[in-house]
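**Student:** Got a sequence here, can you build the structure:
(one chain, ligands or ions: 1)
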Amino acid sequence: MEFAGNKSVITPEGVFIIGTYDENGIPNAMNAAWGMQSDMGEITLMLARHKTTENFEKTGAFTVAFGTVDTMVISDYFGVETGRKVNKIEKAGCHVHRSAHVNAPIIEEYPLTLECKVKSWDAETGYLIGEIVASQADESILTDGKVDLGKLKPIIFDPSFNVYRVVGEAVGNAFRDGLQLK
Ligand SMILES: Cc1cc2nc3c(=O)[nH]c(=O)nc-3n(C[C@H](O)[C@H](O)[C@H](O)COP(=O)(O)O)c2cc1C
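**Tutor:** Reported below is the predicted structural model:
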């Protein structure tokens, strides 16, 4: 049956936490669901105008942390309050330090963060493309030096019910399980 008009459920929608500094070095964070890997070392996000966009227009940089079960409440908060009115980082009780690679904050409460330079930004279409120049990961989410999603417990946004869901267990082997039908 047809349903929902153009309010499609294109899953998964991420919980991408975009970290930026303003011109005075005040850190900010926002929650964005619409984003994806668009090339090796490249992330694309779709953004309306926010304090965040004003910030990276000036600094040319941003970070992307991944919302997790443990950071769910602060992640949602970063999407329901604007840095134009309050210092969300302070209000959320978060700790930040400047990335060694780009002029953007790393929020220490998040275990995995990408450090990005603005590759292109079109304020009309809202397409932000970032070059990922480095990444930071806590030891606690690594297995054999690789990001272990079972340990990270990333969350996704479910637009049907406006809830966050946790990414679950591995159910198969990519590039392998399909070979039996080849
Ligand atoms: C679950 C969720 C997903 C969101 N996804 C996006 C998104 O993909 N793009 C966008 O422009 N805003 C999105 N927002 C809205 C921004 O996070 C929100 O407007 C925020 O206040 C902007 O913060 P800032 O003004 O401090 O930059 C989302 C909010 C929530 C709660």
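
**Student:** burial of residue 22, as a residue count?
**Tutor:** The burial count assigned to residue 22 is 17, neighbours taken as other CB atoms under 10 Å. Every residue, glycine included, has its C-beta placed from N, CA and C.

**Student:** do the same with residue 29
**Tutor:** Residue 29 is flanked by 28 other residues according to other CB under 10 Å.

**Student:** and it, which of the three is it?
**Tutor:** At residue 29, secondary structure determined by DSSP: H, G, I helix; E, B strand; the rest coil is strand.

**Student:** Check the gap between the residue nearest to it when sequence neighbours are not counted and the ligand for me.
**Tutor:** Nearest residue to residue 29, sequence neighbours excluded (CB to CB, 6 or more residues apart in numbering): residue 78, at 4.4 Å. The gap separating residue 78 from the ligand is 6 Å, by CB to the nearest ligand atom, to the nearest Å.

**Student:** Equivalent analysis for residue 2, please.
**Tutor:** 25 Å.

**Student:** Report the separation between that residue and residue 8.
**Tutor:** As judged by CB to CB, to the nearest Å, residue 2 and residue 8 stand 12 Å apart.

**Student:** Neighbour count: these two, which is higher?
**Tutor:** Using other CB under 10 Å as the criterion, residue 2 and residue 8 rank with residue 8 on top: 9 against 4.

**Student:** Need the three-state assignment for the closest residue to the ligand within the chain.
**Tutor:** Using CB to the nearest ligand atom, the single residue of the chain nearest to the ligand is residue 79, 2.6 Å away. Three-state call for residue 79 (three-state DSSP): coil.

**Student:** Tell me the confidence at it?
**Tutor:** Residue 79 is assigned 98 on the pLDDT scale.

**Student:** Verify the stated contact: residue 27 with residue 91.
**Tutor:** No - if you go by CB atoms under 8 Å, residue 27 and residue 91 don't touch, sitting 11.8 Å apart.

**Student:** For those two, indicate the residue with more neighbours.
**Tutor:** residue 27 (24 against 12).

**Student:** Which strand residues bridge the closest residue to the more buried one other than its chain neighbours?
**Tutor:** Residue nearest to residue 27 in three dimensions, not counting chain neighbours: residue 105, with 3.9 Å by CB to CB, 6+ apart. Per DSSP bridges, the residues bridged to residue 105 are residue 98.
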